[in-house]
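J.: when you get a sec, could you give me coordinates for this:
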Amino acid sequence: MYHTITKSYDNLKAAHRQWRHCGHCAFAHGENWRIDISFRAKELDHQHFVYDFGALRPLKAQLEYYFDHTLLIDEDDPERVFFEDMHARKLADVRIVPSCGAEGLAEFVFGLADKFIREETGGRVFCSKVVVYEDSKNSAAYEGFTE
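T.: As a prediction, this is how the structure comes out:
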C-alpha cells in the first residue's frame, strides 16, 4: 500500500516542433502546457506527509527552465543546428530534449522528478506518474511502478 500525492504545474508556455509529423505539427508552434506529477511513499515523514509541497520549489525551477517561454526541439531534429543558432543569436530560448512530443516530455519530466525526489528523500519517495497536457483536450502519461 502506498500514499500518493500529485503536484500540478500549469500555464507553462513553451513551443515545440514535431519534425517527424506529416502535418502542421511539424511547424514550431506554441502550447499552454500543464504537468501533473505524482509521488508515492510507503511511509509518511515526521510531518505525516509524503513530501512537503512547498519543498518542491527546486523541481518547479527545473520545469520553468524547460517550459517558460522556450522552444523545445528533439535532440535528433535535422534542423537542430539552425535552432541552436537561433538560440545563440537570442531569437529563441531553445531547449534540446530527447523527444518534445507530449509522450516524450512525460518521460523526460518523469526522469527529472524521480531523480529529484529520490535524492531529497533518500529514496523514501519516488515518482509514480507524470501526465503532460498540451492543452485542455490532449495529454500523455508516463508511469513507473517500481520503487
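
J.: which element, helix or strand, includes the residue nearest to the spatial centre of the chain?
T.: Nearest residue to the geometric centre of the chain (CA atoms, centre = their mean): V109, 3.2 Å. In this structure, V109 is located in helix 102-121 according to DSSP states H and E.

J.: specify the beta-bridge partners of the nearest residue to the residue nearest to the centre of the chain once chain neighbours are set aside.
T.: Spatial nearest neighbour of V109, chain neighbours left out: V130 (4.9 Å); criterion: CB to CB, 6 or more residues apart in numbering. The C-beta positions use only the backbone N, C-alpha and C, and glycine is treated the same way. V130 forms beta bridges with I37, Y142, as assigned by DSSP bridges.

J.: wouldn't V130 be in contact with A140 here?
T.: No: assessed by CB atoms under 8 Å, V130 is found out of contact with A140, at 9.0 Å.

J.: quick one: residues contacting R80.
T.: Applying CB atoms under 8 Å, 6 or more residues apart in numbering to R80 gives the contacts 73-74, 96.

J.: and which of those residues is nearest to Y51?
T.: Proximity of the contacts of R80 to Y51 (CB to CB) peaks at I96, which lies at 29.3 Å.

J.: what bridges to that closest one?
T.: I73.

J.: from what I can see it touches L71, true?
T.: No: in this structure I96 lies outside contact range of L71 using CB under 8 Å: 9.9 Å.

J.: more neighbours: which of the two?
T.: L71 (21 against 16; other CB atoms under 10 Å).

J.: what distance do you get for the more buried one to R80?
T.: 12 Å (CB to CB, to the nearest Å).

J.: number of residues surrounding the nearest residue to H87 once chain neighbours are set aside?
T.: In space, and not counting its chain neighbours, H87 is closest to V94: 3.9 Å by CB to CB, 6+ apart. Per other CB under 10 Å, the neighbour tally for V94 reads 18.
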